[in-house]
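A.B. asks: fold the stuff below for me.
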Amino acid sequence: MTSYKYIIAITFCFGLLLTSCKSEPTLQTYIVDNQESPNFTTVDLPLSVLNLDESKLNEEQKATYNSIKRLNFLGYKKDATQAEAYNSEKEKIEHILNDESYNELMEINNHGGKFTLKYLGDDENSIDELIVYGNAKDTGFGVLRVLGNDMNPSHIMSLAKVIEEGDIDMSQIKNAVSFFNE
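C.D. replies: All right, here's what the predicted structure looks like:
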């Protein structure tokens, strides 16, 4: 009789464990699930791709640069013959990004598509993940995950200006860029 109660208790605990797990997809699981799928490309970008001379950065820019750990890119190239598949994948990614855990920093809509900047973290000045999502009606969509610790978006924008003027190693991001031009 004791083993019967033990089995029931184990079964109950296991059932509780399974039902308490969040079954909603996350951006990370979406990327992992689709990294080998047709029309998708993924690229893990090292910070060295930015090719920054840290000696030319001010203290705020250095702290921001050092708070970034890695960059992940997922792109979906739209195929004119598979509009339904594109719309389905676009809906999936937008559903994930519309989760309440993602806080929106800004959104820009134009006649050709949409650009959204979101983050995960406690507040706007101490974020752990910055997400840049863009879609264009003619080419597809892309998601860039900027992963780090205690990043500050305004400091990232300051660093972005330095990056624009820098000498980015395009060979490392060639796959992501050429993916949409094929």
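A.B. asks: just for the protein, where's the confidence low?
C.D. replies: 1-23, 123-125, 162-182 (pLDDT under 70).
A.B. asks: what sits closest to the most centrally placed residue in the chain if chain neighbours are left out?
C.D. replies: Residue closest to the average C-alpha location in the chain (CA atoms, centre = their mean): residue 145, at 3.0 Å. Nearest residue to residue 145, sequence neighbours excluded (CB to CB, 6 or more residues apart in numbering): residue 72, at 4.3 Å. All C-beta atoms are positioned from the backbone trio N, CA, C, and that covers glycine.
A.B. asks: ditto for residue 75
C.D. replies: Looking at residue 75 with CB to CB, 6+ apart, the closest residue is residue 142, at 4.2 Å.
A.B. asks: coming back round to it: now for the helix or strand containing the residue nearest to residue 145, which elements pack on it?
C.D. replies: Using DSSP states H and E, residue 72 sits in strand 68-77. Here strand 68-77 touches helix 27-34, strand 40-45, helix 83-97, strand 140-151, helix 170-181, going by 3 or more CB pairs under 8 Å, 6 or more residues apart in numbering; DSSP states H and E.
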